[in-house]
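In: Sequence first, then the predicted structure, then my questions.
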Amino acid sequence: MFRLFSFSILFAMLGMALGSCATPPAGVGGFAWNYQQNDGEGAKLAYGAPQSDAVLLMMSCAPDSNRVQVSMLGGSEREGVVLASNGARDSFGGQAQTDPMSGGQVVQVEVPANAPSLTQFARTGELTLIDRGRSVQLSAQGGEKAGVSRFFADCRA
């Protein structure tokens, strides 16, 4: 399982792969979607390297909250988080936080669970992350799609 909130290690591992400016232009090899539901912590859906702290994008929510906290490695506070899926595209303003150990940045936003791009992602498993004009495909494969659907079912009231 992913250890989802260790940002120091996350930044150290992915800093060179992602560069200081942007998300990579193609899919990130070896990364996958992982769904977790923990009592007291709510649901989490992370796109990262299995069995590691290397997470590019994480979503979390409290049960039935209808709100999703999205955290993206890198990015810019000015552009926030831009997600696209099946013709729907959303741009969410966010807050950037700097990891004191690595100097890496993570942008966080809280968005409605029924935002068009997230609704399409829940339905199709297809998701594109756009950072400073560059796109990376984060689409769910095989059994990952069930985890994506369960995550959004947990979040929606």
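Out: Cool, the structure landed. Numbering: from 1, shown residues only.
In: Please count neighbours and contacts with C-alpha atoms only from this point.
Out: OK.
In: so how far is the host helix or strand of residue 149 off the chain centroid?
Out: In the assignment (DSSP states H and E), residue 149 maps to helix 144-155. Its chain's C-alpha centre and that of helix 144-155 lie 13 Å apart, by CA atoms, centre = their mean, to the nearest Å.
In: Show me what that helix packs onto, helices and strands only.
Out: Judged by 3 or more CA pairs under 8 Å, 6 or more residues apart in numbering; DSSP states H and E, helix 144-155 is in contact with strand 32-38, strand 42-48, helix 116-124.
In: Redo those as a markdown table? Include distance to residue 63.
Out: Formatted as a markdown table, these follow (distance: least, CA to CA, whole Å):
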| stretch | distance to residue 63 |
| --- | --- |
| strand 32-38 | 9 |
| strand 42-48 | 6 |
| helix 116-124 | 16 |
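In: how much space is there between residue 113 and residue 104?
Out: 27 Å (CA to CA, to the nearest Å).
In: no no, residue 70
Out: Taken as CA to CA, the span from residue 70 to residue 104 is 17 Å.
In: since we're on the closest residue to residue 148 other than its chain neighbours, how many residues are nearby?
Out: Of all residues not flanking residue 148 in the chain, residue 122 sits nearest, at 5.9 Å (CA to CA, 6 or more residues apart in numbering). Neighbours of residue 122 under the rule other CA atoms under 10 Å: 24.
In: cool, and residue 95?
Out: 16.
In: shift numbering so it begins at 57
Out: Happy to do that; since the first residue is 57 now, the last one works out to residue 151.
In: Let me know whether it touches residue 164 as I believe.
Out: Yes - counting by CA atoms under 8 Å, residue 151 touches residue 164, with 5.3 Å between them.
In: Spell out which residues are contacts of both of those two.
Out: Counting by CA atoms under 8 Å, 6 or more residues apart in numbering, the common neighbours of residue 151 and residue 164 are residue 136.
In: Mind listing the residues bridging to residue 89?
Out: residue 103 (DSSP bridges).
In: Run a quick check on it versus residue 103, I expect a contact.
Out: Yes - using CA under 8 Å, residue 89 makes contact with residue 103 at a distance of 4.4 Å.
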